[in-house]
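> Provide a 3D model corresponding to the input given below.
(one chain, ligands or ions: 2)
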Amino acid sequence: MGDTMETKNILIKNATILNPKSAEKDNIESFKGDLLIENDKIAEISKKNEELINSKGVEKIIDGKNKILMPGLINTHTHISMNLLRGLADDMALDEWLNNHIWPTEAGLNGEYCYDGALLAITEMIKSGTTTFNDMYFFMEDVAKAVNESGIRGCLSYGMIDFGDEEKRENEFKENIKLIKNCNDTAEGRIKTFFGPHATFTASKELLERVRYEANKYNVGIHIHMNETKKEIEDVKEATGKLPFEYLEDIGFLNSDVLAAHGVWLSKEEIEIIKKRDVKISHNPCSNMKLASGIAPVQELLSKNVCVGLGTDSVASNNNLDMFEEMKFASLLQKVNNMNPESLNSNQTIKMATINGANALNLEKEVGSIEIGKKADLILIDNKSVNLNPMSEKISSNLVYAANGSNVNTTICNGKILMEDKKLITLNESKIIEKANKSIKELKEIREESK
Ligand SMILES: CSC[C@H]1O[C@@H](n2cnc3c(O)ncnc32)[C@H](O)[C@@H]1O
Ligand SMILES: [Zn+2]
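Ligands and ions are numbered 1, 2, ... in the order given. Here you go, the predicted model:
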C-alpha cells in the first residue's frame, strides 16, 4: 500500500454522525460532532457542546461540515471478478444466463483476469461507499492480492462445484483450504476467508457434509447460494425429496456461521429452520429482479429476527455495485410486494446495509457501526449534492430514497483513507479501466475460439 495511505491519527470535525448501532429499534441516532481515528480504530466520539477531542498528535483533519459520517457499507454477496462480465448477457433467467453465457465465458478465466476484474470492482466499491464485501469466486488468491493492495476489507471464499465428481471435489477442497491457509487474517486483518460451496444444485451431499466438517476444523464461515429460483427448488426436491433448507438441516450443515445468499423461495418450515439455526440471509434485490428470480420475504424474515444483510450479487446480474441503489430497491420492492408503504422503512434498510451485514459475516465486533474501539470503516456523504437537497429532516430517508453512490465524498477503511474528496488514494482508476477492457476483450476471444 502506498505511503499516502499510512496516515495514523485522523480527526473528522463537525460532521453529522449517523449511527445505525441499535439493531433492535427502528430509529437511528444522529448528532453533530467530531470523531477521532487512532491507527485502525475509532478512538473518540464527541457530540458538539461536549468536551472537544484533544487534537494533539492528530496528523490529519478532515472537515466534516455539510457531510454525513456513517459506517462504510457492507455488501454481503458478490463475485467481484465478474465486473469483467458486466453486460455480457442481459434479459434472461438464471438457468439460461449461467449455462449458456456465464459459465462458458468463465471457462477461459485465469488469475490475471480475476485480479483485473477485482480491481475494477474494488474501485467501484470504494467510490460508492462500500468498505466490506463478501465474495465467492475462482482464483481467489488473486482477488486477495487486489484487496491487500487497495485497502478495502473482504471476506473471500473459493466457489466449490463438484456435480458429484469425486476428483473435482478433491480439487475444490484443495483450493478452498489453500485460500484459508494462505490468506485468512492477512492484509492487516482485512481479509477473512470462508468455505464457498456454490449451491445445493451444484454441490453434492458429500461435498456439503465435508464443508461442515472442515469449516468447524478451520473455524471459518460458509457462504452458499440458497433458494434463488423456483427451478432450483424443483430440482433439489426431485434430487433429494426435500426442500433445500430441509435437506441441509437433515445432513447437519446448518449453523450460525452459514451465510445464505438470496433466500427468495422459502417455505414456512424453512423459515423456522433458518431461525432455529441462526442462519444469516443476504438479500440481493436487483439481481433477483433482473433475473426475474422472485421476491424474498425480507419483511417477514426481519419480523422473526432473522439477520438479513444486503448484497448486489455480481454486476453481470445487477449491473453495478452501488449499495445505495441496492438499499432503495430493497425498500421499494418490499413495499410493493406487501402492498404496504411501511414495509422495510429507511432505518431498517440502512441497518441491513451496515450492522446486519457485519453480523452476517461474524464481523459485528469490528465493523458495521460507529462505536469506540471498532475499526474505522467510515464514509462521508456530501450534503451539498443537488439530489440531496432540500435535506429531509430524516437523514435515513435521504440516504435510502434520494442518494446514490456518487454522493460519497470520502471513504476510510481500517483507519486508512482510500478516497478523499472524491480522489482515489490507493488505486489508479484509468489504468484499471484500461486493463480490464483489455482482459474482457481477450476473454471474449477465448470464448469465441472455443465454440
Ligand atoms: C463457483 S464461483 C461462483 C459462481 O456463481 C456464479 N453465479 C453468479 N451469480 C449467480 C447467481 O445469482 N446464482 C448462482 N450462481 C451465480 C458465478 O458465475 C460463478 O460461476
Ligand atoms: Zn451470487
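> which strand or helix spans Asp142?
Asp142 belongs to helix 140-150 when assigned by DSSP states H and E.
> and that helix, what does it pack onto?
Packing partners of helix 140-150 (3 or more C-beta pairs under 8 Å, 6 or more residues apart in numbering; DSSP states H and E): helix 111-127, strand 153-160, helix 166-183, strand 191-197. Placement of C-beta: from N, CA and C, glycine included.
> verify the stated contact: Gly146 with Ala118.
Wrong residue type there; residue 146 is Ala, not Gly. Yes - counting by C-beta atoms under 8 Å, Ala118 is a contact partner of Ala146 at 3.9 Å.
> settle it for me: which of these two has more neighbours?
A direct count of neighbours by other C-beta atoms under 10 Å for Ala146 and Ala118 places Ala118 higher, at 34 against 24.
> which of the three states applies to Phe133?
Look at Phe133: counting by DSSP: H, G, I helix; E, B strand; the rest coil, its state is strand.
> same check on the one 3 residues further on?
In terms of secondary structure, Met136 is strand; the call rests on three-state DSSP.
> same check on His223?
Classification of His223 using three-state DSSP returns strand.
> how many neighbours does it have?
Counted with other C-beta under 10 Å, His223 comes out at 30.
> show me the contacts for it.
Residues in contact with His223 (C-beta atoms under 8 Å, 6 or more residues apart in numbering) are 77, 134, 136, 155, 157, 194-196, 259, 261.
> where along the stretch 201-350 of the chain do the helices fall?
Listed in chain order, the helices of the stretch 201-350 of the chain (DSSP state H, counting those that start in this stretch) span 205-218, 230-240, 244-250, 268-277, 285-290, 298-303, 323-338, 346-353.
> quick check: which of these is buried the most?
helix 346-353 (a mean of 25; mean count of other C-beta atoms under 10 Å).
> how far off centre is the very next helix or strand once past that helix?
Next in sequence after helix 346-353, counting helices and strands by DSSP H and E, comes helix 355-360. Distance of helix 355-360 from its chain centroid, counting by C-alpha atoms, centre = their mean, to the nearest Å, is 10 Å.
> likewise stretch 390-404?
Using C-alpha atoms, centre = their mean, the offset of stretch 390-404 from its chain centre is 22 Å.
> and for stretch 160-178?
With C-alpha atoms, centre = their mean, you get 25 Å for stretch 160-178.
> any residues touching it, and which ones?
140-141, 157-158, 195-198, 202-204, 206-207, 210-211, 214, 218.
> over to stretch 433-441?
The contact list for stretch 433-441 (C-beta under 8 Å, 6+ apart) reads 83-85, 112-113, 116-117, 119-120, 123.
> ok, now stretch 105-121?
Here stretch 105-121 has contacts from 78, 80-85, 88, 137-143, 145-147, 149-150, 315, 321, 427, 432-433, 435-436, 438-439, 442-444, 446-447, 450, using C-beta under 8 Å, 6+ apart.
> can you pull the contacts of the closest residue to ligand 1 within the stretch 101-250 of the chain?
At 2.1 Å from ligand 1, Gly159 is the closest residue in the stretch 101-250 of the chain, using C-beta to the nearest ligand atom. Neighbouring residues of Gly159 by C-beta under 8 Å, 6+ apart: 79, 136-138, 196, 198.
> of these - the most surrounded one?
For those, the largest number of neighbours (other C-beta under 10 Å) sits with Gly196, at 31 neighbours.
> pLDDT averaged over stretch 105-119 - what is it?
Averaging pLDDT along stretch 105-119 yields 98.
> how about the residues of the protein by ligand 1?
Neighbours of ligand 1 within the chain, by C-beta under 6 Å from any ligand atom: 79, 94, 98, 102, 106, 136-138, 159, 161, 198, 225, 228, 287, 313-314, 317.
> which helix is the longest one in this structure?
Longest helix in the chain by number of residues (criterion: DSSP state H): helix 429-449.
> off-centre distance for that helix?
24 Å.
> in JSON lines: the contacts of His223, plus pLDDT.
Below are the contacts of His223 laid out as JSON lines (pLDDT from 0 to 100):
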{"residue": "His77", "pLDDT": "99"}
{"residue": "Asn134", "pLDDT": "99"}
{"residue": "Met136", "pLDDT": "99"}
{"residue": "Cys155", "pLDDT": "99"}
{"residue": "Ser157", "pLDDT": "99"}
{"residue": "Phe194", "pLDDT": "99"}
{"residue": "Phe195", "pLDDT": "99"}
{"residue": "Gly196", "pLDDT": "99"}
{"residue": "Leu259", "pLDDT": "99"}
{"residue": "Ala261", "pLDDT": "99"}
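> counting neighbours, which of the contacts of stretch 433-441 comes out on top?
That'd be Gly117 among the contacts of stretch 433-441, by other C-beta under 10 Å, with 31 neighbours.
> need the nearest residue in space to the residue minimising distance to the centre of the chain, chain neighbours excluded.
Nearest to the geometric centre of the chain sits Asn75, at 1.7 Å (C-alpha atoms, centre = their mean). Among residues not flanking Asn75 along the chain, Phe133 sits closest, at 4.3 Å (C-beta to C-beta, 6 or more residues apart in numbering).
> quick one: contacts for the one you found?
74-75, 78, 80, 125, 152-155.
> closest to Asn27 among these?
Distance to Asn27 across those (C-beta to C-beta) is lowest for Ile74, with 20.4 Å.
> pretty sure the closest one is in a helix, no?
No - secondary structure assignment (three-state DSSP) places Ile74 in strand, not in a helix.
> quick check: closest non-adjacent residue to it.
Gly357 (2.9 Å).
> my read: the one you found touches Gly309, true?
Yes - counting by C-beta under 8 Å, Gly309 is a contact partner of Gly357 at 3.9 Å.
> find the residues that touch each one of those two.
Shared contacts of Gly357 and Gly309 (C-beta under 8 Å, 6+ apart): 74, 76.
> these two: who's more crowded?
More crowded of Gly357 and Gly309, by other C-beta under 10 Å: Gly357, with 34 against 28.
> beta partners of the residue nearest to Asn75?
Listed beta-bridge partners, Phe133: Asn75, Gly154 (assigned using DSSP bridges).
> got the phi and psi for Val408?
Main-chain dihedrals, Val408, degrees, to the nearest 10: phi -80, psi 130.
> which ones are touching it?
Residues in contact with Val408 (C-beta under 8 Å, 6+ apart) are 127-129, 379-382, 419.
> many thanks, I have nothing further to ask.
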